[in-house]
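Undergrad: My questions concern the predicted model and sequence given below.
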Amino acid sequence: MADTRLAEAVEDALRAPSVHNTQPWKWRVGADAIELHADWDRHLTVTDPDRRDLVISCGAALHHLQVVLAARGIAADVRRLPDPEDRGHLATVVVRDQDVPADEALENTTGAALFPAIAQRRTDRRRMSHRPVPLDCVRVLAEHAARSGALLVPVTNPAERGRLLALLVDAAHEQFSEPGYAAELRMWTTRLPGSHDGVPAASVAAPPIGALGPSPLRRYTRTGLSQPPQEPGHGPGDDAAELLVVATPGDDDLDRLRAGEATSAVLLAATRLGLATTPLSQALEVPASREHLQQRVLRVPEHPQLVIRVGWPASGGTELPATPRRSLAHVLLP
């Protein structure tokens, strides 16, 4: 099989989400295999001290790649953490001789059915609609997470939801008091013109004016995205978005890689359903908040890895711009 098909598949997979859009991955494309490596130079040392976010981000890219390959009819096997001597070698995707039948690709969780959502997906940091997300949609998302090796826990009980929102807010306050955090955040949100990474101001909205409480979203230093117009009869804090937690049986690099794959599956499936999504990681980046989330909110033995906010887009909102991505040439290893 020609290298060009695999290189083109990797190029599509670069649309995967990552913490602060750091895109912390490197790829090696061979004749019949693709290697995924962590790019430790893009590690957020203050925000993400144990590299959880980085590995989850790479897991999302790995799942994106599997979706792209299935959409192209290419059968492949994934070998996760194939080299015990190289922690940064996260996966090798080995191409099989036979192609994937179209009907099998469409039925596969990582298959062609999710491929159109890769180009459509955006992280929406704005107020969402007051319209509730149907339970059937939440069940579909949970099924996608389960097939990717993770548990998706909806936090719907009002008391537990309130505790989770408080954890998100408290974690954000604690992070801002951490030496170096504000500088790290500023570095990735004030990139030079022509940069192909980071979070541009055009992708971040200020909290709704008059909201009843502090926003659970990460506090960015620059905003340039307008909130959707307020609907009659609804206040600025009237938001029916669900909070879903991705959790895994263990807490090592394999679990975090699987969590990233599950996150990608949930985000793409939600996009396919017409839902807006926002990954929220701050409560998992502060050890005390993460422990509180597991023991006092979720009350499950699984380890929480990421919170995903899911809701219907608010009416009248502008179309979200695509965030920049590095070119394939800048992420390839020799």
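TA: Thanks, I have the structure now. Numbers count the residues shown, from 1 in each chain.

Undergrad: Return the distance of the one helix or strand Leu164 maps to from the chain's centre.
TA: In the assignment (DSSP states H and E), Leu164 maps to helix 158-176. The chain centroid and the centroid of helix 158-176 are separated by 19 Å under CA atoms, centre = their mean, to the nearest Å.

Undergrad: quick one: contacts of that helix?
TA: When contacts are defined by CB atoms under 8 Å, 6 or more residues apart in numbering, helix 158-176 is touched by residues 47, 155, 181-182, 213-219, 243, 245, 280, 282-283, 285-286, 289, 292-293, 296-298, 307. All C-beta spots, glycine's among them, are computed from the backbone N, C-alpha and C.

Undergrad: The helix or strand just after that helix relative to helix 158-176, how many degrees between them?
TA: Note on helix 158-176: by DSSP H and E, the next helix or strand toward the C-terminus is helix 181-189. For helix 181-189 against helix 158-176, the angle by axes from the mean of the first three to the mean of the last three CA atoms, to 10 degrees is 90 degrees.

Undergrad: Please, where are all the strands along this structure?
TA: For the chain, the strands defined by DSSP state E occupy 25-29, 33-38, 74-80, 89-99, 151-154, 242-248, 276-280, 303-311.

Undergrad: Kindly reformat the ones you listed as CSV containing mean pLDDT, mean neighbour count and distance to Val138.
TA: CSV is the format used below for those (pLDDT from 0 to 100; neighbours: other CB atoms under 10 Å; distance: least, CB to CB, whole Å):
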stretch, mean pLDDT, mean neighbour count, distance to Val138
strand 25-29, 98, 20, 30
strand 33-38, 98, 21, 30
strand 74-80, 94, 17, 27
strand 89-99, 87, 17, 29
strand 151-154, 98, 21, 5
strand 242-248, 98, 24, 6
strand 276-280, 98, 22, 13
strand 303-311, 98, 24, 8
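
Undergrad: Can you lay out the ones you listed as a markdown table showing distance to Gly59?
TA: Compiled in a markdown table, the strands of the chain are given as follows (distance: least, CB to CB, whole Å):
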| stretch | distance to Gly59 |
| --- | --- |
| strand 25-29 | 10 |
| strand 33-38 | 9 |
| strand 74-80 | 9 |
| strand 89-99 | 8 |
| strand 151-154 | 15 |
| strand 242-248 | 10 |
| strand 276-280 | 12 |
| strand 303-311 | 9 |
